[in-house]
Each structure stands twice: as C-alpha cells, then as structure tokens.
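Novice: here are the coordinates; sequence isn't available:
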C-alpha cells in the first residue's frame, strides 16, 4: 500500500490517454455504504458533522484503490429539511439516503420557464415543493440561512475529508466539479419521468427551448468562466447520466446532446477531462460516445457488457467498472478473483481501463466487504503492466 | 403579501448579509452551490 498520491494520479492519467501505466488503476465508488461500514448513522453525521470524515475514511483503511469517486455525502436529507422539502429522506436502516421524485412543474408553464428560468424555478416552482420557501420573507430567509449555515460547516468538513484522504491514505478524489445536462435538470427536478415522456411528444420545440434556457444555469454550476483558459487534467468533471438510458437515440440527439455538448466542449477546449456514469444501458448511444474527442472521457459502465463495450467504444473512451456488485455480494472469494483477473486480462492491455465495481455502493448489503477488499487487493497486485 | 420578497431576492440578501466575510468570487461560487442544492432538494 505504499503507492503515493501522485503515483496514483499518474496511473489514472496515463490509462485515460490509452497508454499503459505501471499498474491497472482501481476506482472505489463508496457512497453511503461508508456510513454502514463504519457502523454509523446519518443522524450522527447530522449531529456531529466531523463524523463524516471518520465514516468516509474508514473503508480505505483496508481497501486499496487509486482514487475514490466522490468524498462524503452531497445529497443529504438535512439540506432538503432546511427548506421544508421531503425530496430526500433517511431510510429505516439509518444510513442510506433515498430520493423521492418531486417535479411540480406543469406542462403549460414552459413559456414561463423559457422566458425566465431562474425566476420561474426559484420564485414559482420551488415554493410548491419546499414549504418553507412559500412563507413570509422572514421564513424564507430563516430557511435559506439554515441551509447556508449547514453548508458552511459541511463544505469545511468535505475539504478536511479530501485533505485527510490525501495525506493519510494517499487517495485522490476523481471528481472535481459537475457537468449537469440541461435535459436532466428538467427530468430530475421539473417534469419527472412521466411529464418528460409526454413532453418529448407533445411539447417538442418548447422542450428544446427550455434546455437552451437552462443552459446558463448549467454553465454556472459547471464553474468554468471565460477567463479560465486552461484546466487541470485531474480531477475530472463528472456527469451522472440520468435520462439518456430511458430515451431513444433520436430523442437523445434532439433533446439531450445539443446543450450537453456545449457544456462538455467547454471542458475539452481547456484541457479538462470528463467522467460519465453511464447509468442503465448505453449500447444504442455508442455512436455518440465514439463521436467524443479521443481520450477525453471516462465512462463508468453500469448496465452494459463491459467486454462488448471495450470492443465498440474502448478505443475512444476509457472504460471503468466491470466488477459485478452481485458477485462481490454473494459470490465466493475465488470466483470474484477469477472474474477480476478476466477483467484485467481482457480490458487492461493498451490502457484505457480502470477497475471498479459495476455500481456505486450505497447499502450495507451491497457487498461482502471481505470479497471486495480481497478482490481489489488482488487487482492491485496482479494488474502490473510488464 | 405584496411586500413579501421573492426567493431570488432573499437569496441576494443572504449573500450580502451572511457571506460578507467571503471574497466575492468565493461567495458567488457558494451561492451557485446553494441554489443547485435548493433545486435538487
């Protein structure tokens, strides 16, 4: 476990450029599983924010990885509670955060959204789901101040967590900022699954115009200003792809791609890299993945056959993932190691591969921790490029 | 009720009052995060 922070980053940067590093890099994707693993609860983290550092470091005491996907818990239930929303809540296990879809925009409101996206979203739509934003000025102020105070502490804790992972565990965090697709804004927070499905047929042009209108908010969240001419090539900008797996290639090209490409080419133009969580199945959109600039993107394969993906898009983008969570959970240690060996043997030659689980870990039962630790350690020892 | 401020107006006030100690650029970035969290909540 003597690899330095910089060696680990170099390993990832090399493979992303489709060159062979010294070893096959390993990415850990530990969400709220870290809280379970450490024997903690979300409530303890809320009452004692510094617990987040303790919990999110705990798995890395035994688990080898060259980078971890994110640091700490971003979408916590407390943030939603501050403004009076039920969108995020803690499960009965006390350590997993669940999301409830609340998308209160009506299809007749597209003209308002298009004319003034921020005004519509914050002044009209949000108070429908966040009760405390529907009150008096003083009530609104108190609610937003509570959220601001919560994040002043949480932001400091997450900075300390990233520092501790670096200094004590030599572990970089692979995600720096987020590229949030405009169509996913509408899918996730405004219209939801049912509404968007209808809108793609009944409000086509309004939906396109709404994506264009939201572009400014997505750009702002991306955080790249015109003055920023060069971006570091590590950590990466991240996208968790939500709607693409549910829509046809034709809908993807019409509604998703135009505004999303504007976002990501701002990253590419400045030398940054993009890590995309390919949620669900992406086979029907492989042409688009192959249209991206070579060595720009890293795709975390969730639902597709990674061996087939390697053949079809693996020359253009780096693939991450492949280790089935079900096997890490229920399989025998020997079977896990055999499968990990197959992944390394078939996917790693020539670079362009990062070993990881097929999904992010969220709940206690997601993996058998012994299997995971042994398998990841095996890949670190076995995955040496000659 | 007509005198009540909108959420966006309150956000401006929060930035002015509660983030006064932060440099302008950091305060702007922090408010972008807060607005995203509000939308996502």
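Specialist: Thanks, I have it. No experiment lies behind these values; they were computed from the predicted model shown.
Novice: tally of neighbours for residue A:31?
Specialist: 21 (other CB atoms under 10 Å in any protein chain shown). The way it works is simple: take the backbone N, C-alpha and C, and place the C-beta from them, glycine included.
Novice: wait, doesn't it sit right on residue A:362?
Specialist: Yes. The pair residue A:31 / residue A:362 is scored as a contact, 4.8 Å apart, by CB atoms under 8 Å.
Novice: chain B contacts on the stretch 151-300 of chain A?
Specialist: A:151, A:155, A:180, A:185, A:188, A:189, A:220, A:221, A:223 (CB under 8 Å from any CB of the partner chain).
Novice: got a winner among the residues you listed for most neighbours?
Specialist: residue A:185 (26 neighbours).
Novice: which residues touch the residue in chain B that chain A sits nearest to?
Specialist: Among all residues of chain B, residue B:41 sits closest to chain A, at 3.9 Å; criterion: CB to the nearest CB. Counting by CB atoms under 8 Å, 6 or more residues apart in numbering or on different chains, residue B:41 touches A:79, A:80, A:82, A:83, A:85, A:87, A:88, A:130.
Novice: name the SS class of residue A:355, please.
Specialist: Put simply, residue A:355 is strand when judged by DSSP: H, G, I helix; E, B strand; the rest coil.
Novice: tell me the pLDDT at residue A:183?
Specialist: Per-residue confidence at residue A:183 stands at 98 (pLDDT).
Novice: quick one: it is in a helix?
Specialist: Yes. Per three-state DSSP, residue A:183 lies within a helix segment.
Novice: which residue is the nearest non-sequential neighbour of it?
Specialist: residue A:256 (4.6 Å; CB to CB, 6 or more residues apart in numbering or on different chains).
Novice: please compute how far stretch A:332-345 lies from its chain's middle.
Specialist: Remark: stretch A:332-345 is offset 26 Å from the chain centroid, using CA atoms, centre = their mean, to the nearest Å.
Novice: what mean pLDDT does that stretch have?
Specialist: 98.
Novice: tally of neighbours for the residue nearest to residue A:137 when sequence neighbours are not counted?
Specialist: Spatial nearest neighbour of residue A:137, chain neighbours left out: residue B:5 (4.4 Å); criterion: CB to CB, 6+ apart. Residue B:5 has 16 neighbouring residues, counting by other CB under 10 Å.
Novice: go on, residue A:28?
Specialist: 24.
Novice: I'd say it and residue A:70 touch.
Specialist: No. Under the criterion of CB under 8 Å, residue A:28 is not in contact with residue A:70, lying 10.3 Å apart.
Novice: how about the residues of chain B near chain A?
Specialist: B:3-8, B:10-11, B:13-14, B:18-19, B:29-30, B:32-41.
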